[in-house]
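Novice: Return a 3D structure for these sequence lines:
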Amino acid sequence: MEKIINPTKARTNLFSLIKDTNQDSQPIIIAGSDDSRSAVLMGKADYDAMQETMALILNGQLQDTLNREQDESINLDQMIAEINDEQ
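Specialist: So this is what the prediction gives:
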């Protein structure tokens, strides 16, 4: 369940909110009067993981990995040949 608080409560409890969001890896929505005045508080480790995932998606590496998981097994000689072909 997502936690939503207003900016005043966020300001009053900032250190506690930072601790909580890092402990349980759950983002906290700081809701302003509309989306352009709202924000999300999340732990840095979770932010870094999200950024890494987005980078993998954008450069195609994640899709390549997912595709390889669906491939049938190959032996070591075939794998080396594939690597050499890619270079």
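Novice: Beyond the lowest-mean-pLDDT helix or strand in the chain, next helix or strand please.
Specialist: Among the helices and strands of the chain, helix 61-70 carries the lowest confidence by mean pLDDT, DSSP states H and E, at a mean of 75. On the C-terminal side of helix 61-70, the nearest following helix or strand under DSSP states H and E is helix 76-86.
Novice: Put the alpha carbons of that next one into PDB.
Specialist: In PDB, the C-alpha atoms belonging to helix 76-86 read as follows (Å, rounded to 0.1, in the frame of the first residue of the first chain):
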ATOM      1  CA  LEU A  76      30.600 -23.800 -24.500                       C
ATOM      2  CA  ASP A  77      32.000 -24.000 -28.100                       C
ATOM      3  CA  GLN A  78      28.700 -22.500 -29.400                       C
ATOM      4  CA  MET A  79      28.800 -19.800 -26.800                       C
ATOM      5  CA  ILE A  80      32.400 -18.900 -27.700                       C
ATOM      6  CA  ALA A  81      31.500 -18.800 -31.400                       C
ATOM      7  CA  GLU A  82      28.500 -16.500 -30.700                       C
ATOM      8  CA  ILE A  83      30.700 -14.100 -28.700                       C
ATOM      9  CA  ASN A  84      33.300 -14.000 -31.400                       C
ATOM     10  CA  ASP A  85      30.600 -13.300 -34.000                       C
ATOM     11  CA  GLU A  86      29.300 -10.400 -32.000                       C
END
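Novice: how close does Leu62 get to Thr8?
Specialist: According to Cβ to Cβ, to the nearest Å, Leu62 and Thr8 sit 39 Å apart. Every C-beta, even on glycine, is put in place using the N, C-alpha and C of the backbone.
Novice: ok, those two, which is more surrounded?
Specialist: Leu62 (15 against 9; other Cβ atoms under 10 Å).
Novice: Count the residues that sit near the nearest residue to that one once chain neighbours are set aside.
Specialist: Nearest non-adjacent residue to Leu62, counting by Cβ to Cβ, 6 or more residues apart in numbering: Leu56, 3.9 Å away. Counted with other Cβ under 10 Å, residues neighbouring Leu56 total 14.
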